[in-house]
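Chemist: Kindly return the folded structure for what I paste below:
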Amino acid sequence: MPIVFNNETREFHLYNENISYIIKILKNNQLGHLYFGKKIHHRASFEHLLKVVGRGMTVCVFENDNDFSLENIKQEYPSYGTTDFRYPAHQIRQENGSRVTNFEFVSYNIFKGKENIKDLPATYVECEEEATSIQIKLYDSVMKTELILNYTIFENHSAIARSARFINNGDEKITITNAMSASFELSDDQFEMVQLSGAWTRERHVKVRPLQPGIQSIYSSKGASSSNHNPFIAIKRKETTENSGEAYAMNLVYSGNFLAQIEVDNFELTRMMIGINPFNFEWELSKGNSFETPEAIMVYSDEGLNKMSQTFHNLYNNFLVRGKWKNKPRPILINNWEATYFDFNEEKIVGIAKKAKELGIEMFVLDDGWFGKRNDDTSSLGDWYVNKEKLPNGIDGLSKKIQELGLKFGLWIEPEMINKESELYRVHPDWVIKTPDRNTSYGRNQFVLDFSRKEVVDYIYSAISALLRTSSVSYVKWDMNRNITEAFSIKLPAERQGEIMHRYILGVYDLYERLISDFPDILFESCSGGGGRFDPGMLYYAPQTWTSDDTDAIERLKIQYGTSFAYPLSSMGSHVSAAPNHQVKRLTSIDTRANVALFGTFGYELDLNKISEAEKAKVIKQVEFCKKYRELIVTGDFYRLISPFEKDYNITSWMVVSKDKKRALVGYYQALNYPNQKLTNLKLVGLDENILYTVKQLNLELYGDEMMNLGLVLSNKPEELGLEINENDINDFISYIFEIEEK
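Modeler: Numbers count the residues shown, from 1 in each chain. A predicted model of the protein is given here:
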């Protein structure tokens, strides 16, 4: 049993072959945190890990006991106001106005497997042997409120899942104003903080900064996890690299407002926590009601950032993604958005689809503009019926025509939004999120529907499900292009308006759950103006996310590199787009565009009838190449080799290695060409040092240890490597893909 309770010393030890996590019941009956890190031997006592030091001017819990103050102790789920002055993991306002709590240990329950979290996405197991869980019950006797701390340790992963549940058993109502999902503490501050930040079209850029005394944090208050900051945070030792050294990380399985925070106190203790953003959040609990936080995933690595990322990747691929598409290669698709935007008809769509079929593509996806009177972004969101002027045979007729060509058919929707110019708005202007007597802000000419209201979600479910039932749809791209402002629901009383943001995302999850239950064969892709809601919560419902609206290959290097810190390649929607690129006007070869998009779900986003015959021939080869390697992309181990965020920002490289280490695929990208370059020694990782491999493109036979210790010797000139030369491509933005296979 990988969770043990030391009865004499009242300690919990969670462990597997990789990690240990140790909790202690303190002498005030609250929980202390002793250790999280590389696995250590179990022993009858871990008392030596509890360092309690009396200090001058410290306020202590017990009278005449100057050595016990919560200010100086690492805690498991800390509160504020009883000798600890740091930022707490929870806070509850009681009817008398007090916010002081005292949750004391009552009991625990250890069991095989893992429980679901009601109404929220979370990791799961299909076999009890894959994980062990513990629920630790604490109780506040004044509030008559239970606090259940949930922990799951996975059998073969250096990861722990955590959440908290509050249950009010008292006669008086309480109001939760802060409820983090997880918190833990380390004894020193010699770390650098790693975050994934950016904006629309430049999401999840890697940012690194040293920890300093005080609070450093990232957050969202947009109603979505956002493109500004991802709900991921890590700390690493200063000497940690991609392949060696310590790192700790937390990722929130949630798609709404979040806070990820690190606090370094005046004695260099480091407290790390993640959960729902307490800003503008309140949740009222009356007698008998409960509130459960979203799940947080905690990961430890002593083998660098690549190992940290692979832990997230494997965990999410096996225990978060569900359904038919779990660990399965995805169909190669063509999306018409950058080919036509709103200007299309059935003839134009079928023409693009025919060409796609000729080139080996497997699915056609119809993007925005097919419904209501939608000819631009000012109208018809909410009117989920087909525009017969564009598509006289409807979605059902068009989908059948696409299928007759031998392609699957996909469809774009934006179910959470409404335009003022729509039939739905004329009937239900009250369904919009807006504050009475205040200006309602515009964003992309649309408003947000109040998904905190069941009747709104029910209506959208009926409209979308009716459309899917009458058509042959194999894929749905679910977009969300506007964040919440003037947050207010007319269905909530004044004292509960702090609940709307969380209730909204619960409504989104409810709609997702109903649709994927009704249509289990459909592949859902989430989108939010690109990567504005790229988080584990979405992956529970939609196994892939549109990574960014920026489809430029060179910009995508940074975006996809950063995204890989927590999310698997199989979750990254990545397409070959038109050139010049529609976002940055950069002109790159179709080779490089494909070489970047290959390390993701792979597809096309351009008019195939407008590219040259030479490019069409390349598309055929690219599609064949992707089909050959897409299972490796989904199931292999991903390694980052050279970062676009370091050195001169000019080179990026990464690779995927099969689980049995017999096959690998390496991507190498140079942004700008410059004269008289030196040769590059590209050192690979993850191979078997004793296997003799062939490197197809270089016509070499090399052992794994040679490629990992000496590297591949590369030139920026393709002819010097014996690679195919195209005069039009010898320019900036060169890229190579190397196939490596056991001889």
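Chemist: Return the residues in contact with Leu641.
Modeler: Leu641 makes contacts with 242, 653-655, 666, 682-685, as judged by Cβ atoms under 8 Å, 6 or more residues apart in numbering. Yep, even glycine has a C-beta here, placed from its N, CA and C like the rest.
Chemist: Repeat that for Tyr604.
Modeler: Residues counted as contacts of Tyr604 (Cβ under 8 Å, 6+ apart) are 332-335, 356, 361, 575-577, 619.
Chemist: again, but for Glu130
Modeler: Under the criterion of Cβ under 8 Å, 6+ apart, the contact list for Glu130 reads 113, 154-156, 319.
Chemist: likewise Arg640?
Modeler: Residues in contact with Arg640 (Cβ under 8 Å, 6+ apart) are 242, 305-306, 309, 561, 564, 653-654.
Chemist: got the phi/psi numbers for it?
Modeler: With angles defined as degrees, to the nearest 10, Arg640 sits at phi -90, psi 130.
Chemist: For it, give its distance to Thr340.
Modeler: Separation of Arg640 from Thr340 (Cβ to Cβ, to the nearest Å) stands at 36 Å.
Chemist: Repeat that for Gly603.
Modeler: Going from Gly603 to Thr340 by Cβ to Cβ gives 16 Å.
Chemist: Same question for Gln261.
Modeler: 44 Å.
Chemist: If you count surrounding residues, which of these two has more?
Modeler: With neighbours defined as other Cβ atoms under 10 Å, Gln261 and Thr340 compare such that Gln261 has more, 21 against 18.
Chemist: element containing Val350?
Modeler: Counting by DSSP states H and E, the element that carries Val350 is helix 346-358.
Chemist: strands paired with the next helix or strand after that helix, and their directions?
Modeler: Following helix 346-358 in sequence order, the next helix or strand is strand 363-366 (DSSP H and E). In its sheet, strand 363-366 lies beside strand 333-335 (parallel), strand 408-413 (parallel), with partners assigned from DSSP bridges.
Chemist: Pick the most deeply packed of the ones you listed.
Modeler: Comparing these on average neighbours per residue, with mean count of other Cβ atoms under 10 Å, the densest one is strand 333-335 at a mean of 27.
Chemist: ok, and what's touching it?
Modeler: Applying Cβ under 8 Å, 6+ apart, the external contacts of strand 333-335 come out as 352-353, 356, 361-365, 367, 410, 475, 477, 575, 603-605, 608.
Chemist: State the distance from the closest residue to Trp478 other than its chain neighbours to Tyr139.
Modeler: In space, not counting the residues next to it along the chain, Trp478 is nearest to Ser526; the distance is 5.4 Å by Cβ to Cβ, 6 or more residues apart in numbering. Going from Ser526 to Tyr139 by Cβ to Cβ gives 39 Å.
Chemist: In terms of neighbours, single out the busier of these two.
Modeler: Neighbours per residue (other Cβ under 10 Å) separate Ser526 from Tyr139, with Ser526 holding more: 28 against 18.
Chemist: okay, the angle between the longest helix seen in the chain and helix 346-358?
Modeler: In terms of residue count, the longest helix belonging to the chain (DSSP state H) is helix 613-635. Interaxial angle, helix 613-635 versus helix 346-358 (axes from the mean of the first three to the mean of the last three Cα atoms, to 10 degrees): 70 degrees.
Chemist: For this structure, which segments count as helices?
Modeler: For the chain, applying DSSP H gives helices covering 304-319, 337-340, 346-358, 394-404, 423-427, 454-469, 500-518, 536-539, 553-563, 590-597, 613-635, 704-709.
Chemist: and of those helices, who's closest to Arg43?
Modeler: Closest to Arg43 of the helices of the chain is helix 304-319 (Cβ to Cβ; 25.9 Å).
Chemist: What is the longest strand of this protein by residue count?
Modeler: For the chain, the strand that runs over the most residues, judged by DSSP state E, is strand 174-186.
Chemist: list the buried ones in that one?
Modeler: 174-176, 178-186 (16 or more other Cβ atoms under 10 Å).
Chemist: and if you look at stretch 520-532?
Modeler: Within stretch 520-532, the residues scored as buried using 16+ other Cβ under 10 Å are 522-532.
Chemist: cool, stretch 448-458 as well?
Modeler: Neighbour counts using 16+ other Cβ under 10 Å place 448-453, 456-457 of stretch 448-458 among the buried residues.
Chemist: hey, C-alpha coordinates of it in PDB?
Modeler: Below are the C-alpha coordinates for stretch 448-458, written out as PDB (Å, rounded to 0.1, in the frame of the first residue of the first chain):
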ATOM      1  CA  VAL A 448     -21.400  36.200 -23.300                       C
ATOM      2  CA  LEU A 449     -24.400  34.100 -22.500                       C
ATOM      3  CA  ASP A 450     -25.100  33.500 -18.800                       C
ATOM      4  CA  PHE A 451     -24.100  29.800 -18.500                       C
ATOM      5  CA  SER A 452     -24.600  30.000 -14.800                       C
ATOM      6  CA  ARG A 453     -28.300  29.600 -15.600                       C
ATOM      7  CA  LYS A 454     -29.500  26.100 -16.400                       C
ATOM      8  CA  GLU A 455     -32.200  27.200 -18.800                       C
ATOM      9  CA  VAL A 456     -29.600  28.900 -21.000                       C
ATOM     10  CA  VAL A 457     -27.400  25.900 -21.100                       C
ATOM     11  CA  ASP A 458     -30.400  23.700 -21.800                       C
END
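Chemist: one step back: relative to the longest strand of the chain, what are the paired strands and their orientations?
Modeler: In the sheet, strand 174-186 lines up against strand 90-93 (antiparallel), strand 270-276 (antiparallel), strand 283-285 (antiparallel) (DSSP bridges).
Chemist: Ok, which of those comes nearest Asn169?
Modeler: strand 283-285 (10.0 Å).
Chemist: tell me the mean pLDDT over the closest one?
Modeler: Per-region confidence: strand 283-285 scores 98 on mean pLDDT.
Chemist: Ok, stretch 677-697 next?
Modeler: Confidence over stretch 677-697, taken as the mean pLDDT, stands at 93.
Chemist: Please compute how far it lies from its chain's middle.
Modeler: For stretch 677-697, the distance between its averaged C-alpha position and the chain's averaged C-alpha position is 31 Å (Cα atoms, centre = their mean, to the nearest Å).
Chemist: Any idea how far apart the tips of it sit?
Modeler: Counting by Cα to Cα, to the nearest Å, you get 21 Å between the two ends of stretch 677-697.
Chemist: Same question for stretch 325-342.
Modeler: Distances were taken as Cα to Cα; on that basis the terminal residues of stretch 325-342 are 30 Å apart.
Chemist: ok so, going back, measure how the longest strand of the chain sits relative to helix 500-518, angle-wise.
Modeler: Strand 174-186 and helix 500-518 are oriented at 80 degrees to each other (the same axes, to 10 degrees).
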